[in-house]
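A.B. asks: Structural data only, the sequence is not supplied:
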């Protein structure tokens, strides 16, 4: 099979790395990818959002399956365009991708179908939003309605910060994405990511994981696209998983289908598990980044075969096989991320780190300039390790991280600690 992976980040490198292992694969392409993916796939110099040219390429090269990594092309209708052209593609149509593309849609959908989520109101007017904040008090959560690369959510701990955030958003901080906003109650607890492969009203769970959204240790600082993750997540016990499936995942698939928005692809529920039970913080219509990286390290069965089976309505036959090992991924980011950052710094030490067979380094914001590996984004690399215990995996991953260097590199040093505390309390 000829396969095209669409996307540029660490998630796409991990998906490509896994697909590359399939005996079904004859040729792997990536649009547009990064320096890591180009080592295992042929580069297609087309932007992930240039749907027309991607359709042309897939037709010309007779691509058997296209796999979409990021949310932007899904929300812009890449799946609809490929299907209209008679091309096979794994991902959600535009009318289903709205579950991630609009926070307002998602919150109203959850309210309509009784899916547990935080109390909220939606606003397109600054004064009304400020009045609501004064009535609700802080801490409070403010979200841009549209896609903002994981940075459109602010937890404001003071009224002053909350009002400034509202003014910034309506002032165009995220462009069209923050013309409408959602303001919701702040929920206490521990976050976890629950991801499944879905089609219609059926699903196949992926391994559980826990992302670390904030930029600094101890969950401090602004939200990012994600600074690290590990799998499995001990906070999701078998009892909690049963509840997630019964109260969140299946009702979501059923509700979306009943509205003519049938889902096919990855469905991700970002959850808060705490004193108020299990609540959905957000839905994503694709794999998470950086959760994909440690999850793919644990998947022993054939991802490509699973996707083909799902598209051929054989989802009931799909049984992923997971390693018993723990896996962990630590994001190495550019100085200044998630704010402004410079690009073009040389990266060294990746080959040295990967001499340990338990280490795989997934590239995100990387490029090749004058024959050298250089930084080209905010999140540069996700260093992953596997181990027999979470403690062992954590020790291995940070040993590897210390071998890799680029100017201004920063990373969290506490990835996995929540799981370790839970396991050894």
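C.D. replies: Looks like it arrived, so ask away. Since the model is a prediction, treat every value here as computed from it, not as a measurement.
A.B. asks: any chance you could map the strands in the stretch 51-200 of the chain?
C.D. replies: Per DSSP state E, counting those that start in this stretch, the stretch 51-200 of the chain carries strands over the ranges 65-68, 89-90, 120-123, 140-144, 153-156, 181-185, 190-199.
A.B. asks: repeat for the stretch 301-425 of the chain
C.D. replies: 326-333, 359-363, 366-369, 372-375, 379-387.
A.B. asks: Which strands or helices does the first one pack on?
C.D. replies: Okay, so that is strand 326-333. The helices and strands touching strand 326-333, judged by 3 or more C-beta pairs under 8 Å, 6 or more residues apart in numbering; DSSP states H and E, are strand 228-231, helix 292-298, strand 379-387, helix 390-401. For glycine as for every other residue, the C-beta is placed from the backbone atoms N, C-alpha and C.
A.B. asks: State the distance from residue 338 to residue 214.
C.D. replies: 10 Å (C-beta to C-beta, to the nearest Å).
A.B. asks: which neighbours do those two share?
C.D. replies: Common contacts of residue 338 and residue 214, defined by C-beta atoms under 8 Å, 6 or more residues apart in numbering, comprise 222-224.
A.B. asks: Of all the strands of the stretch 301-425 of the chain, which one comes closest to residue 236?
C.D. replies: strand 326-333 (14.0 Å; C-beta to C-beta).
A.B. asks: re the thing from before, most neighbours, which of the shared contacts of residue 338 and residue 214?
C.D. replies: residue 224 (23 neighbours; other C-beta atoms under 10 Å).
A.B. asks: For the protein, give me the ranges with low pLDDT.
C.D. replies: Within the chain, the stretches with pLDDT under 70 are 150.
A.B. asks: Spatially central residue for it, please.
C.D. replies: residue 288 (1.8 Å; C-alpha atoms, centre = their mean).
A.B. asks: Was I right to think that residue contacts residue 211?
C.D. replies: Yes - under the criterion of C-beta atoms under 8 Å, residue 288 makes contact with residue 211 at 6.0 Å.
A.B. asks: Is residue 246 located within a helix, as I assumed?
C.D. replies: Yes - judged by DSSP: H, G, I helix; E, B strand; the rest coil, residue 246 forms part of a helix.
A.B. asks: Pull the number of nearby residues for it.
C.D. replies: 10.
A.B. asks: All further residue positions should be reported with the first residue as 33.
C.D. replies: Taking 33 as the first residue, the last one we looked at is residue 278.
A.B. asks: Contact partners for it?
C.D. replies: The neighbourhood of residue 278, defined by C-beta under 8 Å, 6+ apart, contains no residues.
A.B. asks: now it: how far from residue 298?
C.D. replies: Distance, residue 278 to residue 298, using C-beta to C-beta: 20 Å.
A.B. asks: Likewise for residue 206?
C.D. replies: Residue 206 sits 24 Å away from residue 298, going by C-beta to C-beta.
A.B. asks: And these two? Which one has more around it.
C.D. replies: Between residue 206 and residue 298, counted using other C-beta under 10 Å, residue 298 has the larger neighbour count: 25 against 19.
A.B. asks: The more buried one sits in which helix or strand?
C.D. replies: For residue 298, the enclosing helix or strand under DSSP states H and E is strand 296-306.
A.B. asks: Relative to that strand, what are the paired strands and their orientations?
C.D. replies: strand 222-231 (antiparallel), strand 309-316 (antiparallel) (DSSP bridges).
A.B. asks: re the thing from before, pick out whichever of residue 370 and residue 246 has more residues nearby.
C.D. replies: More crowded of residue 370 and residue 246, by other C-beta under 10 Å: residue 370, with 21 against 17.
A.B. asks: Check the contact between the more buried one and residue 248; I expect there is one.
C.D. replies: No - between residue 370 and residue 248 there is no contact under C-beta under 8 Å: 10.9 Å.
A.B. asks: ok so, going back, name the residues contacting each of residue 320 and residue 243.
C.D. replies: Overlap of the contact sets of residue 320 and residue 243 (by C-beta under 8 Å, 6+ apart) consists of 225, 258, 261, 302.
A.B. asks: buried ones in stretch 220-239?
C.D. replies: By neighbour count, with 16 or more other C-beta atoms under 10 Å as the criterion, the buried positions of stretch 220-239 are 221-231, 233-239.
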